[in-house]
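Asks: Next come a sequence and a model predicted from it.
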Amino acid sequence: MRPITFALAVSVLLCFPSISPAKHHQKGDFPVVSFPFSNDLYVAGGNVVVTEPAAGDLLAAGGSVIINGPVGADLMVAGGSVVVNSNVGDDLRAAGGDITLASRIGGDVLIYGGSVTIPQGVVVEGDAIVGAGTLHLGGTVRGDLRVDGGTVNFSGTVLGNAELYAGEQMSLNGRIEGNTSFAASDVILGQNTSFGGNVDYWTPGGEMDFGAIPVAGVAQYNADLKRQIHHGSKYGQEGAVRKGIAAAFGTIFVGSLLSGILAIVLGILLFKGTFREAGEILHLHFWKGFGIGIFTYVILPVAAVIIMFTLIGIPVGLLVMVLFLFSVIFGRVIAAIAFAAWMERRQVAQWNTFRLMLASIGFFILFKLLNLIPFLGWVTVLLATFAGYGALVIALAEKSRARF
């Protein structure tokens with residue numbers, strides 16, 4: 001690929017706010033983009049494979065997602081196919097068509113999937129809630145377990161209490177040490193099944209003969225549990241994926257919103273005067289700021305990549321690219337503060353710091369909501385980011401000239 005073509009491709013990828021190229025391994029026909037914030041990482045793409053450790057939280061979404069690097073805190077993941085091959089330090093939230101957990105989860109688990117597999121040897125240290133069209137659970141849950149599914153195959157161990165509901169068939173062939181409630185249209189009890197507490201159950205045939213299956217407490221038929229299988233039966237593959245992906249992306253939305261709010265607070269505390277000057281520029285010279293913003297977001301990254309193709313220019317090109325990546329990551333934050341300062345100027349007011357923060361957060365939320373609108377919303381946010389960032393660049397340039 002020629003240098004100029006490569007530069008243009010990179011610039012197009014980087015033109016969108018709040019994304020930057022992931023340093024993690026990727027495969028497939030689609031690029032992977034990520035948003036790092038402190039020790040947390042947000043990753044999205046067509047096919048995502050994360051191989052490096054994430055010290056904090058990891059939020060990942062894609063057509064298929066494979067997590068091969070350990071996660072220090074929470075993992076939130078959504079995809080058509082999801083495989084977690086490495087340890088997760090705290091809680092796991094997952095949604096997708098096919099989900100497989102193949103390593104230890106240090107906290108609680110919440111999963112919505114078409115097909116969910118937790119094989120033997122996998123340990124969930126906390127509680128687990130699973131909604132699935134089909135569940136295969138052979139691992140160990142050290143806390144409580146709640147399952148709502150279509151078909152449930154349980155051959156693992158639960159150290160706490162368990163509630164298991166299946167709209168179709170349930171096969172039990174494992175150990176539950178606490179109290180158990182289960183209901184299904186068809187129940188099969190295997191020879192390895194054992195219950196360490198009381199058992200409440202419902203089946204269409206009425207009372208069951210537990211035979212030689214160990215029950216430490218009292219096993220009793222409970223007709224009220226019948227309604228639970230109607231709740232569980234809604235977790236067919238399509239419904240589970242829809243609900244789960246909505247929940248996962250909702251979590252990602254909230255997480256990025258909180259990160260943005262923190263960045264706004266820090267930005268105003270450190271550079272309130274400069275942002276007020278940017279608001280003045282937006283008020284008096286809006287189109288100038290807009291033009292500088294386009295130049296910054298489109299021309300500079302192309303120039304930086306071209307410079308890096310010369311040996312002497314590599315350090316300069318890398319420095320420019322790092323500064324540019326910073327502006328891309330925090331583009332919407334910068335625009336939100338600049339437009340809040342612009343509103344302050346339009347009202348001919350002198351807001352206190354707290355009010356300026358509230359207005360900036362309001363603009364940031366507005367940008368995030370607009371970003372949910374296909375095309376028109378994306379374009380609006382992109383143009384606003386150009387204008388706000390360009391105004392800040394002009395304000396910084398004027399400050400530098402004043403010093404010299």
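Replies: Looks like it arrived, so ask away.
Asks: Strands along the stretch 251-400 of the chain, start to end?
Replies: Counting by DSSP state E, counting those that start in this stretch, the stretch 251-400 of the chain forms no strands at all.
Asks: what about it, any weak spots by pLDDT?
Replies: Within the stretch 251-400 of the chain, the stretches with pLDDT under 70 are 251-256, 308-323.
Asks: how far out from the middle of the chain is stretch 191-199?
Replies: Centre-to-centre, stretch 191-199 and its host chain are 37 Å apart (Cα atoms, centre = their mean, to the nearest Å).
Asks: In that stretch, which residues are buried?
Replies: Residues 193-199 are the ones in stretch 191-199 that count as buried (16 or more other Cβ atoms under 10 Å). For every residue, glycine as well, the C-beta is placed using N, CA and C.
Asks: and the two most separated of those?
Replies: Taking Cβ to Cβ as the measure, the buried residues of stretch 191-199 span a maximum distance of 14.9 Å, between Thr193 and Asn198.
Asks: just to revisit the earlier point, let's have the buried residues of stretch 191-199 in a markdown table, adding distance to Leu59.
Replies: Putting those into a markdown table (distance: Cβ to Cβ, whole Å) gives the following:
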| residue | distance to Leu59 |
| --- | --- |
| Thr193 | 38 |
| Ser194 | 39 |
| Phe195 | 38 |
| Gly196 | 37 |
| Gly197 | 37 |
| Asn198 | 40 |
| Val199 | 39 |
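Asks: Of those residues, which belong to helices?
Replies: With helices defined by DSSP state H, no entry of the buried residues of stretch 191-199 lies inside them.
Asks: With pLDDT as extra columns, can I get those in CSV?
Replies: As requested, the buried residues of stretch 191-199 are arranged in CSV below (pLDDT from 0 to 100):
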residue, pLDDT
Thr193, 94
Ser194, 95
Phe195, 96
Gly196, 95
Gly197, 94
Asn198, 95
Val199, 94
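Asks: now, among these, which is nearest to Ile361?
Replies: Closest approach between these and Ile361, by Cβ to Cβ: Gly197, at 48.7 Å.
Asks: need the contact list for the residue lying closest to that closest one once chain neighbours are set aside.
Replies: In space, and not counting its chain neighbours, Gly197 is closest to Asn179: 3.9 Å by Cβ to Cβ, 6 or more residues apart in numbering. Going by Cβ atoms under 8 Å, 6 or more residues apart in numbering, Asn179 touches 161-162, 197-200, 217.
Asks: among those residues, which two are most distant?
Replies: The widest separation within the contacts of Asn179 (Cβ to Cβ) is 12.9 Å, between Ala162 and Gly217.
Asks: Those two: which has the busier surroundings?
Replies: The residue with more neighbours, out of Ala162 and Gly217, is Ala162; 25 against 14, by other Cβ atoms under 10 Å.
Asks: on that earlier part again, now intersect the buried residues of stretch 191-199 with the strands, please.
Replies: Under the assignment DSSP state E, the buried residues of stretch 191-199 contribute 194-195, 199 to strands.
Asks: Following element in sequence after the helix or strand hosting Leu41, please.
Replies: In the assignment (DSSP states H and E), Leu41 maps to strand 40-50. Counting by DSSP H and E, the next helix or strand C-terminal to strand 40-50 is strand 58-67.
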